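Enquirer: just the structure for this:
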Amino acid sequence: MLKEGDKAPEFTAKNQNGDDVSLSDFKGKRVVLYFYPKDDTPGCTKEACSLRDSNGVFEEKGIKVLGVSIDSEASHQKFISKYNLPFDLLADTDKSLVQTYGVWGEKSMYGKKYMGINRMTFLIDGDGKIAKIFNKVKVAEHADEVLAAFGE
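Expert: Numbers count the residues shown, from 1 in each chain. All right, here's what the predicted structure looks like:
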């Protein structure tokens, strides 16, 4: 289980356009790596739009936002287009990233148990260390929580 202060695990994953995106691409920059269950669902849409609405502030502060789910590149393209999302969404279709970051696990809905992504966000500092982990994400206010945690 990753904890604050740990080195963030390196990764390479495909974004919505099929381009490789690696954590090392952002060396020296702060990164918001947010994991969400599914494109175009109510909670995930609120979270993405919260981050979208604050993206100008993130960019101004040199903070890169990356979303991750196990949806396909095509699904990500539709989600980005529908909500005008200005950041990359990574398609972790083989579940390697969600497993590395420990966000894949048992969930429960309406009494039924299933495996899926637990909504979590990792704030990674310019040295590649995990500065903050959000285990409980308030989807509508998430961008404000992230900026506050970065001291912005």
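Enquirer: going forward, measure contacts between C-alpha atoms and count neighbours the same way
Expert: Fine.
Enquirer: how about the helices in the protein?
Expert: 42-53, 55-60, 73-83, 96-100, 142-149 (DSSP state H).
Enquirer: tell me what Phe134 is bridged to.
Expert: For Phe134, the beta-bridge assignment (DSSP bridges) gives partners Thr121.
Enquirer: who touches it in this structure?
Expert: Phe134 makes contact with 120-122, according to CA atoms under 8 Å, 6 or more residues apart in numbering.
Enquirer: let's see that with 10 Å instead.
Expert: Listed by CA atoms under 10 Å, 6 or more residues apart in numbering, the contact partners of Phe134 are 34, 119-123, 142, 145-146, 149.
Enquirer: looking at those residues, spot the one nearest Asp53.
Expert: Nearest to Asp53 among the contacts of Phe134: His142, at 10.7 Å, using CA to CA.
Enquirer: look up how far Lys136 lies from the closest one.
Expert: Computed with CA to CA, to the nearest Å, the distance linking His142 and Lys136 is 10 Å.
Enquirer: comparing these two, which residue is more hemmed in?
Expert: Set His142 next to Lys136 and count neighbours by other CA atoms under 10 Å: His142 wins out with 21 against 11.
Enquirer: how near is the more buried one to Ala149?
Expert: His142 sits 11 Å away from Ala149, going by CA to CA.
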